[in-house]
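# Sequence plus the predicted model coming up.
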Amino acid sequence: MRLSRFADTVSKHDASDRAGFAEALFFDIRQLENEDDSAIAEQRVAALHHVPLLLGIAHLLCAVAVVVRTGGNFSTLSTAAVVVPMLVALACDLAGFGVLRMRERLELSARTVTLTICVLVGTTGAMWSYFSHVVSLLPEMRDGALLPLLIGTGVTAGAVVSISSPPLSVVCAVVGSIGAALFSLDPTLTGGIAALSLVLVGYSVATARTMIAAARDRFKLDHEARKAVHFVNEFENSGRGWFWETNPQGTLSYVSQQLADDFKCAPEALLGRQFTDLLSVDNDKSGDVLREERTLGFHLSARFPFSDVVVRAASAEDIHWSLSGNPIFDDRGRFLSFRGIGADLTEQRRSEQEISRLARFDSLTGLPNRALMRQTLDEALRNAARRRKGCTLFLIDLDRFKNVNDTLGHPIGDALLRLVAQRLTSVMGDHGQVGRLGGDEFMAVLPGTVETGLLESLARTLIEQVSRPYQIEGHRVTIGASVGIAIGDPGRSCADSMVRNSDLALYAAKADGRGKHCFYIPAMHSEASDRQVLENDLRQALDRNELWVAYQPIVRAAGEEVSGFEALVRWNHPVRGPIGPDKFIPLAEECGMIGKIGQFVLNTALAEAAHWPDQVRIAVNLSPIQFNDPSIIEIVAAALSESKVRAERLELEITEGVFLADSDATDVTFARLKALGVRLALDDFGTGYSSLGYLQKTPFDKIKIDQSFVRGAASSTNRNSAIIRAIVTLADSLGMDTTAEGVETHDDLQLIRELGVSQVQGYIFGKPAPAEEARVMANRVTVEADGFQCAREPRHRLMRRAIAAVDGVTMEIRLRNISAMGALVECDRPVSPGMPMTIDIVGVGPVVGIVRWAQAGKFGVLFTDTFDLARLAPKQQKNSDQGMLSPWHAAPPRDRAAG
């Protein structure tokens with residue numbers, strides 16, 4: 001039985017020790033501080049409830065007997081002498097009964113009650129002795145026959161009821177002995193009463209000693225039981241486990257509340273049910289739970305102890321327990337029950353599953369991590385060997401993600417990674433598995449997918465979706481993605497080689513201008529080695545004075561005066577010779593050298609500008625990495641102070657890349673740069689992530705129109721002139737200057753002037769030149785334009801074979817000077833101008849055109865649609881006129897790869 005209260009103090013008495021004589025004699029009236037003894041005293045007081053009642057009944061019976069014997073004929077004096085003691089005795093009996101009944105209401109202690117009962121019993125005994133003496137003097141009672149009865153009755157009743165209370169027995173013995181000595185004329189009776197009183201006192205003390213010792217034993221056992229119950233309750237309430245018990249038939253006879261809570265019912269609802277019915281067999285692949293359940297059934301039926309048997313609840317799939325139990329037998333070896341404990345393993349299992357998940361999945365995005373993706377790739381390759389169908393690996397790197405982390409903080413970066421993971425998963429769909437390798441690197445494994453067309457489509461869609469703007473906590477964030485693709489052959493490729501190949505392809509994609517995808521080709525191995533050597537050389541280039549600054553003039557469109565120069569970095573390698581910026585600038589950004597190189601260009605350019613006329617400005621490119629440097633303001637201010645060049649002469653060209661992480665820090669940097677007094681120019685406007693919002697909130701002084709709109713703008717076949725006109729109108733409305741980059745022909749220059757562009761920069765006025773030549777040019781009044789009259793489309797000089805139908809005859813023809821607009825065709829059959837023709841170029845495909853002119857053995861064909869020359873040479877190196885990959889050192893077309 002459970003106890004509702006746990007005693008803090010435990011009896012120090014040994015169970016075999018009996019209370020001493022003095023202790024037992026005065027036990028009931030001592031001031032007890034020990035809780036056990038106080039509880040015993042309370043129990044002994046409770047045993048006195050019948051004392052006043054029995055005494056009152058005995059006295060009343062004796063009084064009735066006297067009245068019957070005398071017939072109630074008392075004289076007045078006799079009546080008072082008889083009635084008064086009798087009434088006092090009965091009143092004391094009633095008072096004692098009342099005290100015991102009203103004790104709780106009066107809040108009387110056991111000591112007070114015991115002393116009160118002793119006083120009342122003593123008074124009652126005295127009154128009864130006097131009553132007996134008076135009765136013996138009555139004429140009707142002179143024979144003395146009733147006196148021994150009266151005295152004996154009172155003494156006996158008092159002694160019997162006071163046996164369990166030594167103080168009360170002493171009071172009864174004293175009162176009885178004194179009364180017998182005073183009022184009894186029979187010495188034998190007096191001596192007998194005294195002797196009987198002593199015997200009863202001794203017996204009462206002995207009984208009290210036994211009762212006290214027994215009570216102490218009982219209380220000690222109660223304390224142990226309470227402690228056990230306390231520990232059980234504490235264990236169950238802690239949630240670390242619960243208890244169970246079954247009867248010989250295997251049905252539950254006791255369960256803890258925790259087990260009942262797992263079944264969402266009361267403990268009583270589980271009693272009487274078979275314990276094994278509460279367990280479920282889990283037919284999982286491992287079979288662990290099934291084996292454990294069978295093990296438990298064996299132990300229960302064999303009545304054999306067991307421990308740490310893991311089972312699952314039948315009511316819920318996710319509840320697991322660990323059970324331990326022991327069989328209980330009686331002294332004759334008969335089986336009584338099984339008792340044991342159970343522990344809830346649900347949270348432990350969940351923790352183990354979470355640990356396992358974290359070991360295989362990325363905690364930030366929820367995607368598979370590097371280890372799981374490696375396992376996925378290994379399994380895909382093994383499956384590819386069996387199916388004889390290869391698999392593909394995508395390696396994905398986010399462009400400009402570090403800029404987001406540096407400007408907006410890691411919480412925004414983490415939120416961005418989660419959104420990117422969602423988009424990647426959505427794009428990949430059922431084609432493959434996407435995972436995160438760490439940082440801003442992702443991987444996708446596409447088992448059984450090797451079709452180049454499908455892979456290119458997925459890569460383009462992936463880049464397009466990742467490059468869409470993100471809205472995160474009020475910030476508009478734009479990034480990009482580059483993808484390296486490696487295709488594994490069934491049975492021949494391994495995971496390590498595919499990872500290496502995709503990494504090389506990714507690097508090639510990033511070198512191609514970022515936001516691109518690239519397939520792995522074997523030549524990339526040698527390129528990677530060469531790139532590593534070049535990176536090591538670049539780290540030493542500054543110390544070896546291999547880097548120098550070239551200056552390209554910027555001329556006013558109206559008067560052709562030199563308004564300034566743009567500083568462009570060059571590298572003369574001691575072994576390789578001049579290396580184009582399109583090669584070493586991206587490398588500098590990747591290896592962290594761009595900051596040092598940029599500071600070198602800034603200091604060198606300002607030092608040279610100090611030798612120019614005061615009205616000639618110097619333009620220096622500022623990369624996004626430099627712009628986000630917290631110390632950029634101090635760097636610019638120090639360079640201006642050292643060179644003594646006015647701040648208004650310095651023009652910092654900034655690309656739209658600095659706006660990709662739109663933050664307050666960006667606005668603060670712009671404001672501090674303007675506070676220095678320098679001019680700000682928006683470079684390469686119209687490409688990339690152009691947004692009019694940049695012009696609205698950023699204090700630019702100039703817009704530089706990208707060369708892609710300027711080159712060939714005079715041609716009627718494009719709409720570049722309309723775009724330039726719109727940009728000029730916008731700049732004029734905002735009070736900004738405009739500079740057209742990449743002007744090379746007189747036709748383009750004339751158009752630029754007509755459209756109202758403020759300044760011109762391009763080969764028509766000069767290539768990037770050393771400082772000495774720039775100093776001479778800066779002191780000239782005007783610069784003369786020198787270039788071709790018009791632009792000519794790039795041509796593919798090599799001959800290409802093709803098949804065409806001429807007058808219904810299919811024949812082989814040869815194409816030369818192929819451009820985007822048309823080609824020169826060598827053909828043995830005559831053709832006439834205006835004739836439509838479909839030409840199937842070998843290895844390229846069909847193109848449709850119209851014959852424009854014809855001569856003997858050759859004719860010119862104008863393509864109906866613009867032809868992409870890249871189709872003729874898919875791996876062709878980019879023409880140097882296409883420009884640098886990094887906007888940091890933007891320059892006119894041919895200059896960007898020039899030495």
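Done, it's in.
# Isn't residue 330 up against residue 336?
Yes. At 5.8 Å, residue 330 counts as touching residue 336 under the criterion of Cβ atoms under 8 Å. No exception for glycine: its C-beta is placed from N, CA and C like everyone else's.
# Can you pick out the residue with more neighbours from those two?
Per other Cβ atoms under 10 Å, whichever of residue 330 and residue 336 has more neighbours is residue 336, with 13 against 8.
# Surely that one is in a helix?
No. Assessed with DSSP: H, G, I helix; E, B strand; the rest coil, residue 336 is strand; it does not lie in a helix.
# you'd agree it is up against residue 326?
No. Contact between residue 336 and residue 326 fails when scored by Cβ under 8 Å: they sit 11.3 Å apart.
# List the residues that contact residue 614.
Contacts for residue 614 (Cβ atoms under 8 Å, 6 or more residues apart in numbering) come out as 646, 649.
# quick one: it and residue 678, what's the gap?
For residue 614, the distance to residue 678 equals 16 Å [Cβ to Cβ, to the nearest Å].
# Residue 227 now?
With Cβ to Cβ as the criterion, residue 227 and residue 678 are 83 Å apart.
# Between these two, tell me which one has more neighbours.
Using other Cβ under 10 Å, the more surrounded residue of residue 227 and residue 678 is residue 678, with 20 against 14.
# and stretch 489-500, how far out from the chain's middle?
Stretch 489-500 has its average C-alpha position 35 Å from the chain's average C-alpha position, going by Cα atoms, centre = their mean, to the nearest Å.
# how long is that stretch from one end to the other?
Taking Cα to Cα, to the nearest Å, stretch 489-500 runs 15 Å from one end to the other.
# how about that stretch: buried residues?
Judged by neighbour count using 16 or more other Cβ atoms under 10 Å, the buried positions of stretch 489-500 are 490, 493, 495, 498-500.
# residues making contact with it?
With contacts defined as Cβ under 8 Å, 6+ apart, stretch 489-500 is touched by 374, 377-378, 381, 384-385, 387-390, 393, 395, 486, 488.
# out of the residues you listed, who's nearest residue 504?
Set against residue 504, the nearest of the contacts of stretch 489-500 by Cβ to Cβ is residue 486 (8.2 Å).
# same for the helix or strand hosting that closest one, what does it pack against?
According to DSSP states H and E, residue 486 maps onto strand 480-488. Contacts defined by 3 or more Cβ pairs under 8 Å, 6 or more residues apart in numbering; DSSP states H and E place strand 480-488 against strand 391-399, helix 452-466, helix 495-511, strand 517-519.
# Helices of the stretch 651-800 of the chain, start to end?
For the stretch 651-800 of the chain, the helices defined by DSSP state H, counting those that start in this stretch occupy 664-676, 692-697, 707-710, 720-734, 746-755, 771-778.
# among these, which gets the worst mean confidence?
Lowest mean pLDDT within those: helix 692-697, at a mean of 71.
# What segments of the stretch 501-650 of the chain are helices?
So, for the stretch 501-650 of the chain - with DSSP H, counting those that start in this stretch - the helices run 523-541, 581-591, 594-609, 624-627, 632-643.
# For residue 847, which of these is the nearest?
Here helix 523-541 is closest among these (Cβ to Cβ), at 29.0 Å.
# List the buried residues of that closest one.
Using 16+ other Cβ under 10 Å as the test for burial, helix 523-541 gives 524, 531, 534, 537-538, 541.
# before we move on, the earlier item: to residue 117, which of the helices of the stretch 651-800 of the chain lies closest?
Shortest distance between residue 117 and the helices of the stretch 651-800 of the chain, using Cβ to Cβ, is found for helix 664-676: 89.5 Å.
# Quick one: work out the angle between the closest one and helix 632-643.
If you take axes from the mean of the first three to the mean of the last three Cα atoms, to 10 degrees, helix 664-676 sits at 20 degrees to helix 632-643.
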